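*Asks:* Below is the sequence, then the predicted model.
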Amino acid sequence: MEQQDLLKEKAARKLDAWRSQVEHMNVQLHLGGLEAKEEFETQKKAVGRWLHSLEDDLSKAKGISEEKAKDLKTAFEELRVQAALGKAETEEMLKEQQKNLNSTIHTVQNRLKHLYSVSTDRAAELSQEADHTLEDFHMRFDLLKLQLHLGKEESKDLWEEKKKELSGKLKQLDEHLDKGALIASEKWDGFSSEIAEAWKHFKSAFKS
């Protein structure tokens with residue numbers, strides 16, 4: 001019974017994280033051009049704060065070898081450097097920073113996924129949670145890139161069409177998440193895979 005309660009609690013936390021993600025994407029989707037640029041800087045700072053918190057948590061977790069800890073530290077430092085760069089004053093600077101941030105986020109994700117595959121207990125749980133957060137950051141930076149590219153006056157109509165498409169996909173995701181509270185624990189993995197696929201479709205719309 002205790003194991004069942006733990007599974008329910010974990011599922012509830014995951015649902016809350018997904019709902020928060022949908023809400024944040026909806027808010028960001030309706031930002032204006034100047035607001036989007038400010039949001040880019042805000043998210044850079046958020047990455048730095050989150051990294052500090054994650055490093056502190058991982059330092060207390062067991063089951064991380066010295067080699068893995070060193071690899072993670074190197075990847076974290078690369079991401080910290082990118083997140084701490086000065087304000088992107090031009091579109092070219094913003095594009096370059098966005099590209100480098102997503103590249104280093106991807107590197108950290110790969111290191112954490114490997115840690116998850118070889119660790120147990122808290123270290124594995126932390127790496128899985130961190131991967132979700134990094135994917136959220138990745139998606140936000142990708143959306144900001146799209147907003148700033150299509151948000152210009154000459155692309156206004158294209159952006160309105162794209163915004164409508166993305167809003168529709170977020171609404172579908174939100175409706176699907178409403179069903180999550182009714183999902184039995186033995187069916188949770190399947191439901192989780194469906195949500196992951198729905199997010200994949202949402203992100204693919206950035207490039208279509």
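*Replies:* Arrived safely. Numbering: from 1, shown residues only.
*Asks:* which ones are touching Asp142?
*Replies:* Gln98, Asn102, Lys203, Phe206 (Cβ atoms under 8 Å, 6 or more residues apart in numbering). Placement of C-beta: from N, CA and C, glycine included.
*Asks:* Just the element for it, please.
*Replies:* helix 121-150 (DSSP states H and E).
*Asks:* What segments of the chain are helices?
*Replies:* For the chain, applying DSSP state H gives helices covering 2-29, 33-60, 66-83, 91-118, 121-150, 156-178, 188-204.
*Asks:* Distance from the shortest one to the middle of the chain?
*Replies:* Right, helix 188-204. In terms of Cα atoms, centre = their mean, to the nearest Å, the centre of helix 188-204 is set 14 Å apart from its chain centre.
*Asks:* sorry, back to before: of all the contacts of Asp142, which two lie farthest apart?
*Replies:* Gln98 and Lys203 (14.7 Å; Cβ to Cβ).
*Asks:* what's the residue minimising distance to the centre of the chain in contact with, if anything?
*Replies:* By Cα atoms, centre = their mean, the chain has its centre lying nearest to Asp136, at 1.2 Å. Residues in contact with Asp136 (Cβ under 8 Å, 6+ apart) are Gln21, His24.
*Asks:* Roughly how far does it sit from Phe206?
*Replies:* In this structure, Asp136 and Phe206 are 14 Å apart, going by Cβ to Cβ, to the nearest Å.
*Asks:* Please apply the same query to Lys73.
*Replies:* According to Cβ to Cβ, Lys73 and Phe206 sit 31 Å apart.
*Asks:* ok, now Ala17?
*Replies:* 21 Å.
*Asks:* Give me the pLDDT value at the residue nearest to Ala123 when sequence neighbours are not counted.
*Replies:* Computed as Cβ to Cβ, 6 or more residues apart in numbering, the closest residue to Ala123 that is not its neighbour in sequence is Ala61, at 4.0 Å. pLDDT for Ala61: 72.
*Asks:* and Ala61, how many residues sit next to it?
*Replies:* Neighbours of Ala61 under the rule other Cβ atoms under 10 Å: 18.
*Asks:* Same check on the one 10 residues further on?
*Replies:* Applying other Cβ under 10 Å, we find 16 other residues in the vicinity of Asp71.
*Asks:* Could you tell me what pLDDT the model assigned to the spatially closest residue to it that is not a sequence neighbour?
*Replies:* Leaving out its chain neighbours, the residue that sits closest to Asp71 by Cβ to Cβ, 6+ apart is Arg111, at 5.5 Å. We note a pLDDT of 85 for Arg111 in this prediction.
*Asks:* With Leu85 instead?
*Replies:* Leu85 is given a pLDDT of 93.
*Asks:* Look up phi and psi at it.
*Replies:* The phi and psi torsions at Leu85 (degrees, to the nearest 10) take the values phi -60, psi 150.
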